[in-house]
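Trainee: turn this into a structure:
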Amino acid sequence: MKVHLNDFQRSYAQYRIGFTHDLLSQEVGESLRRTALACAENQKKQAGIIDVICGLYLQDRDEMKRHFRGDFESLVGRNFPIHRYGHEGLIPKVMLDQLASDSGEAGAVGYSRDYRDDAFHLLWLSERLANSVGKRASLKDVIAAIALDREAMDELSRNGLTPARTLADFDQDIRTIAFHATPHTGEGWPRELEFEIDKEIQPPYRLEASTPSGGFQPVRFARVKLNGSEVADVSWPEKPTSSSDVVLQTTNKLEIELHGPMFGSMEVTVRGVPA
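Mentor: Residues are numbered from 1 along each chain as shown. Just a heads-up that it's a prediction; the model follows:
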């Protein structure tokens, strides 16, 4: 969802970030100073999500590398050709040059701290996460907020960065399911199953078979037929997963052939696209 703030909303958000101390931890505050300074020295008028992420990397490279995969150095170099790590990254280059001169003195140098609307949204989301457990937003809270913000995740992807871990996704993990079953090898468990197509789940459809299921033992071998056609087979340990594109009918019949052990189990799932 695109965020569009009016001038007063944007001004208030800027004021809260720049002049109050109840929102962000010291480390995040410093990373935003790095972001603002890098934007100023690279002639960027506003900091967007990717600028904030680069600022986090300038603040703590090791922490960001633990949570994301990708070439951060190249990204920061492209986004901020002029940048500095460590204490110098918090001081304008003009002041550093003045301090290095014969006089050894430096005058005050100002620069704006202006953010795009999507960056404000990300920072407030990180603060909400932190508030829920009684604290101000830390670097890890901003990282967690990135995973919950679709705009931020899209920015990461466009710039060659991906989360270092698999992230739970309710829409992809749950809402795509048109059918799911966990057949067992034990006596009494059905080998034929029927299900009707869910109009809320649209094609294309894909059937996934895997073993084992939960805490049960893996089946030695299993074959799955859908509407009379073989669509998947698994074997343990050589081939624990199998998947294929399938076509569903109004009513569908699954036939499952299972071979030992006594307490073996597998999973059969059919996924589509939520309407």
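Trainee: how close does the residue nearest to Ser126 when sequence neighbours are not counted get to Arg33?
Mentor: Closest residue to Ser126 apart from its sequence neighbours, by CB to CB, 6 or more residues apart in numbering: Ala145 at 3.7 Å. (C-beta placed from N, C-alpha, C; glycine too.) Computed as CB to CB, to the nearest Å, the Ala145 to Arg33 distance reads 19 Å.
Trainee: was I right about the residue nearest to Ser126 contacting His121?
Mentor: No. In terms of CB atoms under 8 Å, Ala145 does not count as a neighbour of His121; the distance is 9.1 Å.
Trainee: still on that earlier bit, distance-wise, check the residue nearest to Ser126 relative to Phe195.
Mentor: Taking CB to CB, one finds Ala145 at 38 Å from Phe195.
Trainee: quick check, the residue nearest to Ser126 in a strand?
Mentor: No. Counting by DSSP: H, G, I helix; E, B strand; the rest coil, Ala145 is not found in a strand; it is helix.
Trainee: got the domain ranges for this protein?
Mentor: The chain is divided into the following domains under automatic domain parsing: 7-163, 171-274.
Trainee: lowest mean pLDDT across these, which one is that?
Mentor: For those, mean pLDDT drops lowest on domain 7-163, to a mean of 91.
Trainee: now do the same end-to-end measure for that one.
Mentor: One end of domain 7-163 sits 34 Å from the other (CA to CA, to the nearest Å).
Trainee: hmm, back to that, okay if I get the domains of the chain as a markdown table plus mean neighbour count?
Mentor: As requested, the domains of the chain are arranged in a markdown table below (neighbours: other CB atoms under 10 Å):
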| stretch | mean neighbour count |
| --- | --- |
| domain 7-163 | 17 |
| domain 171-274 | 16 |
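Trainee: coming back round to it: quick one: residues contacting the residue nearest to Ser126.
Mentor: Leu122, Leu123, Leu125, Ser126, Arg128, Leu129, Ala137, Ala152 (CB atoms under 8 Å, 6 or more residues apart in numbering).
Trainee: now, those that are in helices?
Mentor: Among the contacts of Ala145, the ones falling in helices (DSSP state H) are Leu122, Leu123, Leu125, Ser126, Arg128, Leu129, Ala152.
Trainee: max pairwise distance over those residues: which two?
Mentor: Maximum pairwise distance in the ones in helices among the contacts of Ala145, criterion CB to CB, is 14.2 Å, between Arg128 and Ala152.
Trainee: nearest residue to the residue nearest the centre of the chain in space, ignoring adjacent ones along the chain?
Mentor: When the chain is reduced to its mean C-alpha position, the nearest residue by CA atoms, centre = their mean turns out to be Ala147, at 3.6 Å. Of all residues not flanking Ala147 in the chain, Leu167 sits nearest, at 5.5 Å (CB to CB, 6+ apart).
Trainee: what about the one you found, neighbour count?
Mentor: Neighbours of Leu167 under the rule other CB atoms under 10 Å: 12.
Trainee: that one - that's part of a helix, no?
Mentor: No. Checked against three-state DSSP, Leu167 lies outside a helix; its state is coil.
Trainee: right, and Gly214 touches Ser265 too?
Mentor: Yes. Assessed by CB under 8 Å, Gly214 is found in contact with Ser265 at 6.9 Å.
Trainee: shared neighbours, those two?
Mentor: Residues touching both Gly214 and Ser265 (CB under 8 Å, 6+ apart) are Thr182.
Trainee: pretty sure the residue nearest to the centre of the chain contacts Pro163?
Mentor: Yes. Using CB under 8 Å, Ala147 is in contact with Pro163, at 6.4 Å.
Trainee: which SS state does the residue nearest to Met64 when sequence neighbours are not counted fall under?
Mentor: Using CB to CB, 6+ apart and skipping residues adjacent in sequence, the residue nearest Met64 is Tyr57, 4.6 Å away. For Tyr57, the assignment made with three-state DSSP gives helix.
Trainee: separation between Tyr57 and Leu96?
Mentor: For Tyr57, the distance to Leu96 - CB to CB - is 21 Å.
Trainee: check which helices and strands the helix or strand hosting Gly18 sits against.
Mentor: Using DSSP states H and E, Gly18 falls within helix 7-19. In terms of contacts (3 or more CB pairs under 8 Å, 6 or more residues apart in numbering; DSSP states H and E), helix 7-19 is packed against helix 117-131.
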